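J.: Just to be clear, the model below is a prediction. Sequence and coordinates:
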Amino acid sequence: MARASLRRYDVQARWSVICSVIAVFGLIATVWLLWRRYDADLKLIIYGNPMFQIAVLLGVAGTTGLSAIGALLGLSSAGQRRNEHQ
């Protein structure tokens with residue numbers, strides 16, 4: 001059980017990288033959704049379906065949340081003596 005404890009700095013560093021990589025995939029998916037609906041002539045993103053706007057907002061919120069968690073875990077574990085994954 002102690003091997004997966006978030007009190008250990010090396011585990012925090014590993015979870016930081018995992019959260020950040022998942023956030024990058026979420027960012028790519030959200031940008032792709034917006035790029036598909038972008039109209040260059042009008043210079044607007046066309047929201048045809050109200051669920052599309054909810055999907056974009058959830059993508060932005062999820063990406064922001066995961067990147068914030070990754071950043072906080074990374075800052076918490078940086079510079080510690082026992083951290084092998086700096």
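T.: Thanks, I have it.
J.: For Asp39, give me the backbone phi and psi.
T.: phi -110, psi 110 (degrees, to the nearest 10).
J.: so it sits right up against Ile46, yeah?
T.: Yes: assessed by Cβ atoms under 8 Å, Asp39 is found in contact with Ile46 at 5.5 Å. (C-beta placed from N, C-alpha, C; glycine too.)
J.: Identify the residues contacting the most centrally placed residue in the chain.
T.: Residue closest to the average C-alpha location in the chain (Cα atoms, centre = their mean): Ala23, at 2.1 Å. Ala23 makes contacts with Gly62, Thr63, Thr64, Leu66, Ser67, Gly70, as judged by Cβ atoms under 8 Å, 6 or more residues apart in numbering.
J.: Helix or strand: which one has it?
T.: helix 9-36 (DSSP states H and E).
J.: Sort out which residues of that helix are buried, please.
T.: For helix 9-36, a neighbour-count test (16 or more other Cβ atoms under 10 Å) marks 9, 11-16, 19-20, 22-23, 26-27, 30 as buried.
J.: where does the protein dip in pLDDT?
T.: Scanning the chain for pLDDT under 70 picks out 1-3, 79-86.
J.: please redo it, this time with the cut-off set to 90
T.: Along the chain, the parts satisfying pLDDT under 90 run over 1-15, 45, 47-50, 73-86.
J.: Leu33 and Ala55 touch, don't they?
T.: Yes: if you go by Cβ under 8 Å, Leu33 and Ala55 touch, sitting 6.6 Å apart.
J.: on that earlier part again, ok, now how distant is the residue nearest to the centre of the chain from Ser5?
T.: Applying Cβ to Cβ, to the nearest Å, the value for Ala23 to Ser5 is 23 Å.
J.: try Leu27
T.: In terms of Cβ to Cβ, Leu27 sits 29 Å off from Ser5.
J.: Regarding Arg7, what is its secondary structure?
T.: Of the three states, Arg7 takes coil under DSSP: H, G, I helix; E, B strand; the rest coil.
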